[in-house]
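A.B. asks: give me the fold of what follows.
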Amino acid sequence: MKAMKEKSLRHLKKEDGNVESALVLIPMLILFLIGMQLIVATNIRNAEMALAQGDASARAISHQYQVGDEVLEIGGRIEKIQVLITHRTHLLPQIVPGLVALMGGNPVSDVVGIAVIEPSNH
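C.D. replies: Below you'll find the predicted structure:
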């Protein structure tokens with residue numbers, strides 16, 4: 001019986017640090033997921049920016065505008081330049097549930113593409 005107690009005490013002494021590891025593991029996992037959320041959101045925003053800019057350039061050349069596009073006239077008395085502004089919105093995935101609601105934001109990437117409208121040769 002005494003040998004059994006000593007054996008179980010040795011086993012318990014070997015288990016030191018498990019509670020501390022679990023206490024450190026949970027915040028580390030949350031921090032990792034927050035980092036992943038930021039990386040995913042940044043990459044999606046950058047991809048959407050490239051697509052919005054490409055859409056704006058293609059529409060400015062072809063003069064085929066869509067409903068949400070804006071055309072602005074910029075310039076002085078002699079020559080006016082028309083600028084096309086396109087908008088692109090994409091819903092961001094939520095890796096950490098409740099993080100966006102906690103920060104009071106909206107999980108949407110809203111980007112703008114801008115291009116100079118080429119004059120038509122008509």
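
A.B. asks: spatially central residue for the chain, please.
C.D. replies: Computing the C-alpha centroid of the chain and ranking residues by CA atoms, centre = their mean puts residue 41 first, at 1.3 Å.

A.B. asks: how about that one, what does it touch?
C.D. replies: 92, 109 (CB atoms under 8 Å, 6 or more residues apart in numbering). For the C-beta atoms, the positions are set from N, CA and C on the backbone; glycine is no exception.

A.B. asks: and residue 83, that one's in a helix?
C.D. replies: No: Residue 83: not assigned to a helix; according to DSSP: H, G, I helix; E, B strand; the rest coil it is strand.

A.B. asks: residue 114 is in contact with that one, correct?
C.D. replies: Yes: using CB atoms under 8 Å, residue 83 is in contact with residue 114, at 6.3 Å.

A.B. asks: select the longest helix from this structure.
C.D. replies: With secondary structure taken from DSSP state H, the chain has its longest helix at helix 18-62.

A.B. asks: state the mean pLDDT of that helix.
C.D. replies: Helix 18-62 carries an average pLDDT of 89.

A.B. asks: now do stretch 101-114
C.D. replies: Over the span of stretch 101-114, the pLDDT mean works out to 83.

A.B. asks: start to end distance for it?
C.D. replies: Stretch 101-114 has an end-to-end distance of 31 Å (CA to CA, to the nearest Å).

A.B. asks: check whether residue 119 sits in a helix, strand or coil.
C.D. replies: In the three-state summary, residue 119 is assigned as coil, counting by three-state DSSP.

A.B. asks: roughly how far does it sit from residue 44?
C.D. replies: Distance of residue 119 to residue 44, given as CB to CB, to the nearest Å: 35 Å.

A.B. asks: ok, those two, which is more surrounded?
C.D. replies: Higher neighbour count among residue 119 and residue 44: residue 44, with 16 against 10, using other CB atoms under 10 Å.
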